[in-house]
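Asks: Structure of the sequence below:
(chains A and B)
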Amino acid sequence: MPTTEPPSAQGEAEDRLRHLHRSGVLAQGYPSLPSLLEALPESRLSWAGQLIGRVDPDDVLKQHPDTPVLTVGITGHGTLAELVPSLTAEFARHGLLMRRSIGDFGQYVNDLSTPDSHLYARGSQLVLCLLDPMVVFDEVPVPWSVEDVEKALEEKLRLIGWLVGRFAEHRQATLVLNTLPLPRRFSAQLVDHRSRARLGVAWRSANVALLRLADQHANLVVLDLDPLLAEGVAADDIRLSMYAKAHLAPALLARYAREIGHLARHLLGRTKKVLALDLDGTLWGGVLGEDGPEGVEVAGGYRGDAFQAFQRAAKQLAAQGVLLAAVSKNDVEPVRAMLSNHPDLTLREGDFVRVTANWEPKPGNLRETAEALNLGVDSFVFVDDSPYECGMVRRELPEVAVLAVNDDPALHLERLLRDGWFDVRDVTVDDRARPARYRDEVARGDFLRDFDSIEDYLRELGVRVTLAPAASAEIGRISQITLRTNQFNLTTTRLQPAEVRTYAEDPARRVFAIRSSDRFGDNGLVGAMFTRREADDVQIDNFLLSCRVFGRGIEQACLAALLRQARDGGANAVIGSYRPTAKNAGVKDLYSRYGFQRVAGPEGDTAWFRHDLTVLPAVPEYVLLTETPEDGAL
Amino acid sequence: MKTIDDFVTLLRDEMGLDIAAADAARGFDELPGWDSVHLLSLLALLERTTGRQVPLPAVLEAPSLESVYQLYTG
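Replies: Residues are numbered from 1 along each chain as shown, chains lettered A, B, ... in the order given. Now for the predicted structure:
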């Protein structure tokens, strides 16, 4: 890489970070790190992570108690010291905080299989177990044959399979494994091409088996390192491997850390949901208002094809639940005509949940789009080719991930996909249907204006709600609701699929799935209630509803039904709680509104409520509720 | 990096080590906040800064920061 003077933004950011570090105020300045790290190239993040890593996470939390924090257990076969600064920087870049627990060198078998290892003792929510080629080559004799490698691979796979099973038995944390790179210094020790090919087969079969493990365990993620290596990152550094037993090169660990940063976002319920695209210069080449629909570069030709590749990637993301929005400085009519009629454009108006074309500043337009979708702007990724617009959005809406593209459209795609902003562990059926649902939502919004009162509107809407114990097939979607829902989430307890299942299997507990539909269509599984019997009381551990559907009487219908079921089941009272977060202030009075009394509870910021079951709230008359009650179950 | 003071400043700013110039001569065992895992970052930093490649075992066996400094500048 050529060494040049750092551009001023980078230089300023580095000075600022050094200053925070030297003055001992990094913990205080922690919230400023995302915008600061934004100005650094990827190659400087590990340096930044070394400074940031000197800060005690507890000090950050003392000064900024709302910082989302994840406990990460790190284990593996080789030395992993180089991973920590990269991970620290990636977390800070997303405004997250990492508590780390790192084991002794080479202790992964012990760490994963022993219930009192550091991974367990420190309550890791995410466990990274880094596998490297020496897991296998440490075990082969000298001289070795392909059969020896096959045998070693087979043994290690059996061991890893057992470790994963044992881990899943005891832990609900997410475990991350990775495929094994094959360094040339091993295949080159075989002189014949036939044996080298057989070594390749054995090695890849083992990686396939590792990747397949992810299908068997709900809480396992297996990162395929091949696509990262294909970017040109070296798998290992021979000197570090020989002398320091660091068998994966620092650059690969940095790339790995970037993927983990996005997984952490997902686990903390912060996956991005909306891709907001500028049009001129971003989705197509040229300026629609000047060049006209025939003059802009949409497809064909050098640049047209590059823009088309970008359009196709956006469509691909939308098919998996990412909501597309267009935010363009243009007159609305030509944009509509372009999106409806241009024969070569991959994306149509119907692919967007909202198209905004006007001359207002973009931050306001983004904010308005967020309101229309009932989402926070922090769930937005914004792509624009204008440094001016990018700068304005960064400044006004620092919580938006801004991707600045340039005048080479071939690089748009790379810029969009460099970070896994939309990474989730599983895509559900509901994800795929999400864009269509949100489009209906905008239709519902328009429909709203024709009504004098919201109640009339709801009556016309014909809301139907089903409340039933969660079926096994619904566990994944319910976990996802706990991970994604921020606003109507009474206690913001995030649960992985395995945790939802464990909860549901407890005979004293219930997980209810809430489904809704209306005249515009089926909303699918939109919420959940977690309840548990505690002596004569029923306790609501959490109550969640997707932001797409609240304010339609669904919450009232479900609470009314639950209270009645509790009374029919012989309970004395129902206890609810509200734990405040930055996002859920809208539901702080929910329980009070439906006849619960505030009561004293354990210390902390959680508020406790009790309903004595004498006067029950009614199901709103405009909601048609179907229950699948289990008599006396509550 | 012309003097041992430059070297110590570099370690403070680039690795976040809380050390003074006087600490450079101390053995690694007595160095505040030092962990052997820092050696990997240290040698990457020194190779980048000086453009020199020093045999790694020599760095790994060096008893103090000062002796590491000498390996790269001596």
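
Asks: the helices in the stretch 151-300 of chain A, which residues?
Replies: Secondary structure of the stretch 151-300 of chain A (DSSP state H, counting those that start in this stretch): helices located at A:184-187, A:193-216, A:226-230, A:238-244, A:250-267, A:288-295.

Asks: now for those helices, which one comes closest to A:Trp47?
Replies: Of all the helices of the stretch 151-300 of chain A, it is helix A:250-267 that lies closest to A:Trp47, at 10.9 Å by CB to CB. (Each C-beta comes from the backbone N, C-alpha and C, glycine too.)

Asks: Ramachandran angles for the closest residue to A:Lys329 other than its chain neighbours?
Replies: Nearest residue to A:Lys329, sequence neighbours excluded (CB to CB, 6 or more residues apart in numbering or on different chains): A:Trp359, at 5.8 Å. Main-chain dihedrals, A:Trp359, degrees, to the nearest 10: phi -110, psi 20.

Asks: Look at A:Trp359 and report its pLDDT.
Replies: Predicted confidence (pLDDT) for A:Trp359: 85.

Asks: Once you drop chain neighbours, what's closest to the residue in chain B that chain A sits nearest to?
Replies: The minimum distance from chain B to chain A, using CB to the nearest CB, falls at B:Val37 (3.2 Å). Excluding the flanking residues, the one nearest B:Val37 by CB to CB, 6+ apart is A:Ala81, at 3.2 Å.

Asks: Relative to chain B, which of the helices of the stretch 151-300 of chain A is closest?
Replies: Here helix A:238-244 is closest among the helices of the stretch 151-300 of chain A (CB to the nearest CB), at 4.5 Å.

Asks: could you say which helix or strand contains the nearest residue to A:His77 once chain neighbours are set aside?
Replies: Nearest in space to A:His77, with sequence neighbours left out and distances taken as CB to CB, 6+ apart, is A:Val135 at 4.8 Å. Per DSSP states H and E, A:Val135 falls inside helix A:134-137.

Asks: The residue nearest to B:Val37 contacts B:Leu43, correct?
Replies: No - with contact defined as CB atoms under 8 Å, A:Ala81 does not count as touching B:Leu43 (12.0 Å).

Asks: Give me the most central residue, the chain.
Replies: Using chain A. In chain A, the centroid-proximal residue (CA atoms, centre = their mean) is A:His266; its distance is 2.2 Å.

Asks: actually it's chain B I care about, not the one you picked
Replies: B:Leu65 (4.4 Å).

Asks: Once you drop chain neighbours, what's closest to it?
Replies: The shortest distance from B:Leu65 to any non-neighbouring residue, by CB to CB, 6+ apart, is to B:Ala24 (4.4 Å).

Asks: ok but that neighbour is inside a strand, no?
Replies: No - going by DSSP: H, G, I helix; E, B strand; the rest coil, the assignment for B:Ala24 is helix, not a strand.

Asks: Check what pLDDT A:Gly521 gets.
Replies: For A:Gly521, the pLDDT comes out at 78.

Asks: Grab the nearest non-local neighbour of it.
Replies: Distance criterion CB to CB, 6+ apart; nearest residue to A:Gly521, sequence neighbours excluded, is A:Asp440 at 5.5 Å.

Asks: if we can go back for a sec, if I follow the layout properly, the residue nearest to A:Lys329 ends up in contact with A:Val332?
Replies: No - assessed by CB under 8 Å, A:Trp359 is found out of contact with A:Val332, at 10.2 Å.

Asks: which of the two has more neighbours?
Replies: Neighbour count, other CB atoms under 10 Å in any protein chain shown: between A:Trp359 and A:Val332, A:Val332 has more, with 12 against 9.

Asks: got a list of what the nearest residue to that one once chain neighbours are set aside touches?
Replies: Spatial nearest neighbour of A:Val332, chain neighbours left out: A:Ala357 (4.3 Å); criterion: CB to CB, 6+ apart. The contact partners of A:Ala357, by CB atoms under 8 Å, 6 or more residues apart in numbering or on different chains, come to A:279, A:326, A:328-332, A:334-336.

Asks: Please, a PyMOL command that selects the buried ones among the residues you listed?
Replies: Buried members of the contacts of A:Ala357, defined by 16 or more other CB atoms under 10 Å in any protein chain shown, are picked up in PyMOL with:
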select buried, chain A and resi 279+326+328+329+330+335
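
Asks: close enough to count as contact, A:Ile52 and A:Ala92?
Replies: Yes - contact criterion CB under 8 Å: A:Ile52 and A:Ala92 qualify, at 5.2 Å.

Asks: Overlap in contacts, these two.
Replies: Shared contacts of A:Ile52 and A:Ala92, counting by CB under 8 Å, 6+ apart, come down to A:Leu33.

Asks: and the closest residue to A:Lys588 other than its chain neighbours, bridged to which residues?
Replies: Distances taken as CB to CB, 6+ apart place A:Tyr578 nearest to A:Lys588, at 5.5 Å, with adjacent residues excluded. Beta bridges link A:Tyr578 to A:Ala607, judged by DSSP bridges.

Asks: Can you report how many residues lie near A:Tyr578?
Replies: Around A:Tyr578 there are 25 residues (other CB under 10 Å).

Asks: Verify the stated contact: it with A:Leu590.
Replies: Yes - the pair A:Tyr578 and A:Leu590 qualifies as a contact (CB under 8 Å) at a distance of 7.1 Å.

Asks: Now do the shared contacts for the two.
Replies: A:Leu490.

Asks: Tell me, how many residues neighbour residue 49?
Replies: The chain I'm using is chain A. Residues lying near A:Gly49 (other CB under 10 Å) number 27.

Asks: To clarify, I was referring to chain B.
Replies: Residues near B:Thr49, counting by other CB under 10 Å: 14.

Asks: So the residue lying closest to it once chain neighbours are set aside: helix, strand or coil?
Replies: In space, and not counting its chain neighbours, B:Thr49 is closest to B:Met1: 5.8 Å by CB to CB, 6+ apart. The local conformation at B:Met1, judged by three-state DSSP, is coil.

Asks: The spatially closest residue to A:Leu96 that is not a sequence neighbour and B:Leu71, how far apart?
Replies: With sequence-adjacent residues excluded and distances taken as CB to CB, 6+ apart, A:Leu96 is closest to A:Pro68, at 5.1 Å. Distance, A:Pro68 to B:Leu71, using CB to CB, to the nearest Å: 43 Å.

Asks: ok, now A:Ala372?
Replies: Using CB to CB, we find A:Ala372 at a distance of 63 Å from B:Leu71.

Asks: burial count for A:Pro617?
Replies: A:Pro617: 17 surrounding residues under other CB under 10 Å.

Asks: Report the secondary structure state of it.
Replies: A:Pro617 ends up coil, using three-state DSSP.

Asks: Report the separation between it and A:Phe596.
Replies: Separation of A:Pro617 from A:Phe596 (CB to CB) stands at 10 Å.

Asks: Residue of the stretch 1-150 of chain A nearest chain B, please.
Replies: Residue of the stretch 1-150 of chain A nearest chain B, by CB to the nearest CB: A:Ala81 (3.2 Å).

Asks: isn't there a strand covering that residue?
Replies: No - using three-state DSSP, the assignment for A:Ala81 is coil, not a strand.
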